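*Asks:* Compute the structure for the input listed below.
(chains A and B)
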Amino acid sequence: MGPSISLNQVSLRYENNIVLQDISATLGAGECHVIMGPNGGGKTSLLRSILGLTPFKGEVNIHWPKGKGKIGYVPQKAAFEPSLPLTVLDFILLNQSRSPLFFNFNKKHKVKALQQLARLGMEDRAMFRMGQLSGGEQQRVLFAQALLDDPDLLILDEPTNGMDDQGVRYFESLIADLVKENKTILVVHHDISAVRRLQAVVHVVNGTLLESGLAEDVLKPNKIERLFNHYRTHSNHQNEEVA
Amino acid sequence: MDWLRLLANQGSEAGWLSESFAYGFMVNALVAALLVGPLLGGLGTLVIAKRLAFFSEAVGHAALTGIAIGVLLGEPPENPIIGLFCFCMIFALLLHFVRNRTAVPYDTLVGVFLAVALAGGAALLMYVARKINIHMLENVLFGSILTITDFDLLVLGASCLLIIVGLMFTFNRILLASISPDIAKVRGYNTHFYDYLFVMMITLVTIAAVKIVGAVLVGALLLIPGATARLMTRSMGSFVLLSSLLATLSCLIGTLLPMELKLPIPSGASIILVAASFFLIATVYRIVARKQ
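*Replies:* Numbering: from 1, shown residues only, chains lettered A, B, ... in the order given. Here you go, the predicted structure:
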């Protein structure tokens, strides 16, 4: 069973730029939660705050049902240098095992890594360099990495960026399977139709938490329009403050 | 070590080995090369992955100041190891500490630290010159196989063992912390710890290799075998192993060649030239292979 997450007045600012302001919410356990909002609205910053990757004000509490569990994380993007001979298999082994890559003769590790890649349809790319892969393929490998430890909490930052249709459909079916296993999933996503298919709890963030609820309730055409109106007024408001 | 020198001497007298092996200092130098080569090559791959080539050069150059401080504080000029160790370690740790707390680009920061260390060393050398023959420092700066003692080999062996054991447990985490620090942090790894650990390893290996490669050129031996191996390999494991092999071969050939050919070249310069020739061959091979 995945954990629930409670946010209490989470605020974040970079110098004079207010990124998040007093966000309070409870993300239920064993559900898929999607964070949406306009560009620059603070979606990634909120994820990073929850993961403890950025300093913030307020409180984030992850309530694990049976002691601290595993977290899987897919960052928005990872920069892999094309000339570095780091293969896809290397990258997975790096995350999976402490045995150094130059001294890793454990076949079980390799078999497990290849199985993980096969789940994401990437086993035939195992010996490709990470830097040679397309953006969508890199996302699949990052996803495979996140699933390595069978995490109870999965946090994904725009995981379908650059993915082809087949990849997106596979991602959606995987998310559905994980929710059936009562994992808690937190995803930043910008594709409204894809989010509707996920049947998730949607949280719209634009500096503040604008709205939370089931996808079919939040993502209604008239509400979407209002959210984008808010984006404009919010931006104008910030500009006025700066002026 | 006496048994090894005796064995080499007998081998030389029997005609199995060249005349060079009859000299004890040559056997010492080759043992040092065998110890330090794999380590420099292996660590070099992480230097490349972490894009710290300029940093390793800076640590090597900071050795000049460390040597000057050591000599001024009364250490023997042929082996001012405490001054060298302390200054290089403080230099490297301070550089990383400042890096983590400012927005100054890393290469700029390394450039500033390097310039300050070199200027400090140049200033102190004037005082050092009053105490010793300044040419003695050339041995430390550019390497000299004549100066390697049994004690040096002991220090070198201990340093190498320490770093290799450390790398066996931390290699993957150091690499992950450099290529994807966020994933490493989420996995619960203390990325700052692994960064500092790596910096300490680089500093230690720099000091360990001073006698054979020389403080100024040790950064190059961290870099060139790795750069060569990167051109020739397809996976991280083979990258590390080939880099280690090339660094070891460079050390062995570079130590042996001037002696065999009776060339008055410091061992450090010779080792780097051998390593560079491997790099040249690999580069030409890649260009030709790409055209085909």
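
*Asks:* Contact distance from chain A - what residues of the stretch 151-292 of chain B qualify?
*Replies:* Within the stretch 151-292 of chain B, the positions adjacent to chain A are B:167-169, B:171-173, B:175-176, B:179-180, B:182-183, B:185-187, B:230, B:233-241 by Cβ under 8 Å from any Cβ of the partner chain. C-beta coordinates here come from the backbone N, C-alpha and C atoms, glycine included.

*Asks:* same thing but 6 Å
*Replies:* B:168, B:171-172, B:176, B:180, B:182, B:185-186, B:233-237, B:239-241 (Cβ under 6 Å from any Cβ of the partner chain).

*Asks:* who in chain A is up against chain B?
*Replies:* Within chain A, the positions near chain B by Cβ under 6 Å from any Cβ are A:51, A:53, A:71, A:73, A:75, A:78, A:84-87, A:90, A:94, A:98, A:100-102.

*Asks:* Now the buried members of those.
*Replies:* Neighbour-count burial (16 or more other Cβ atoms under 10 Å in any protein chain shown) applied to the residues of chain A next to chain B gives A:51, A:53, A:71, A:73, A:75, A:78, A:84-87, A:90, A:94, A:100-102.

*Asks:* Give me the subset of the residues you listed lying in helices.
*Replies:* A:51, A:90, A:94 (DSSP state H).

*Asks:* How many residues are close by the closest residue to the second one other than its chain neighbours?
*Replies:* Sequence neighbours aside, residue B:236 is the residue nearest to residue A:90 in space, at 4.3 Å (criterion: Cβ to Cβ, 6 or more residues apart in numbering or on different chains). Other residues within reach of residue B:236 by the criterion other Cβ atoms under 10 Å in any protein chain shown amount to 27.

*Asks:* mind listing what residue B:236 touches?
*Replies:* Each residue near residue B:236 by Cβ atoms under 6 Å, 6 or more residues apart in numbering or on different chains is listed here: A:86, A:90, A:101.

*Asks:* Can you check the pLDDT for the second one?
*Replies:* The one in question is residue A:90. pLDDT, residue A:90: 94.

*Asks:* Flag whichever of the buried ones among the residues of chain A next to chain B scores worst on pLDDT.
*Replies:* Pick the lowest pLDDT in those and you get residue A:78, at 75.

*Asks:* wouldn't that one be in contact with residue B:180 here?
*Replies:* Yes: the pair residue A:78 / residue B:180 is scored as a contact, 5.2 Å apart, by Cβ atoms under 6 Å.

*Asks:* Model confidence score at residue A:238, please.
*Replies:* 48.

*Asks:* Could you do residue A:204 as well?
*Replies:* 91.

*Asks:* Give me the contacts around the host helix or strand of it.
*Replies:* Per DSSP states H and E, residue A:204 falls inside strand A:201-206. Strand A:201-206 is contacted from outside by A:31, A:33-38, A:41-43, A:46, A:210-212, A:215, A:218, A:227, A:231, A:234, using Cβ under 6 Å, 6+ apart.

*Asks:* Just grab the bridge partners of the most centrally placed residue in chain A for me.
*Replies:* Chain A has residue A:156 as the residue nearest its centroid, 1.2 Å off, counting by Cα atoms, centre = their mean. Residue A:156 has the following beta-bridge partners by DSSP bridges: residue A:74, residue A:187.

*Asks:* Isn't it up against residue A:72?
*Replies:* No: the pair residue A:156 / residue A:72 is not scored as a contact, 8.3 Å apart, by Cβ under 6 Å.

*Asks:* can you pull out the helices in chain A?
*Replies:* Using DSSP H, helices in chain A cover A:43-51, A:88-96, A:107-119, A:135-146, A:165-180, A:192-198, A:215-218, A:221-242.

*Asks:* ugh, typo on my part, it should be the stretch 51-200 of chain B
*Replies:* Assigned by DSSP state H, counting those that start in this stretch, the helices in the stretch 51-200 of chain B fall at B:53-72, B:81-99, B:106-131, B:136-142, B:150-179, B:181-186, B:191-208.

*Asks:* Which secondary structure elements does the third one sit against?
*Replies:* What that stands for is helix B:106-131. helix B:53-72, helix B:81-99 (3 or more Cβ pairs under 6 Å, 6 or more residues apart in numbering or on different chains; DSSP states H and E).

*Asks:* between these, which gets the lowest average pLDDT?
*Replies:* helix B:53-72 (a mean of 86).

*Asks:* which residues of chain A score low on pLDDT?
*Replies:* Filtered on pLDDT under 70, chain A yields the residue ranges A:226-243.

*Asks:* Count the residues that sit near residue B:6.
*Replies:* Residue B:6 has 12 nearby residues by other Cβ under 10 Å.

*Asks:* now swap in residue A:91 and tell me
*Replies:* Counted with other Cβ under 10 Å, residue A:91 comes out at 29.

*Asks:* list the contacts for the residue lying closest to residue B:64 once chain neighbours are set aside?
*Replies:* Spatial nearest neighbour of residue B:64, excluding adjacent residues (Cβ to Cβ, 6+ apart): residue B:121 at 3.6 Å. Contacts for residue B:121 (Cβ under 6 Å, 6+ apart) come out as B:64, B:65, B:68.

*Asks:* go again using 10 Å as the cut-off
*Replies:* Residue B:121 makes contacts with B:61-69, B:87, B:128, B:137, B:141, as judged by Cβ atoms under 10 Å, 6 or more residues apart in numbering or on different chains.

*Asks:* Quickly name whichever of the residues you listed is closest to chain A.
*Replies:* Using Cβ to the nearest Cβ, residue B:61 comes nearest to chain A of those, at 25.6 Å.

*Asks:* Verify the contact between the closest one and residue B:117 for me.
*Replies:* Yes: if you go by Cβ atoms under 10 Å, residue B:61 and residue B:117 touch, sitting 6.3 Å apart.
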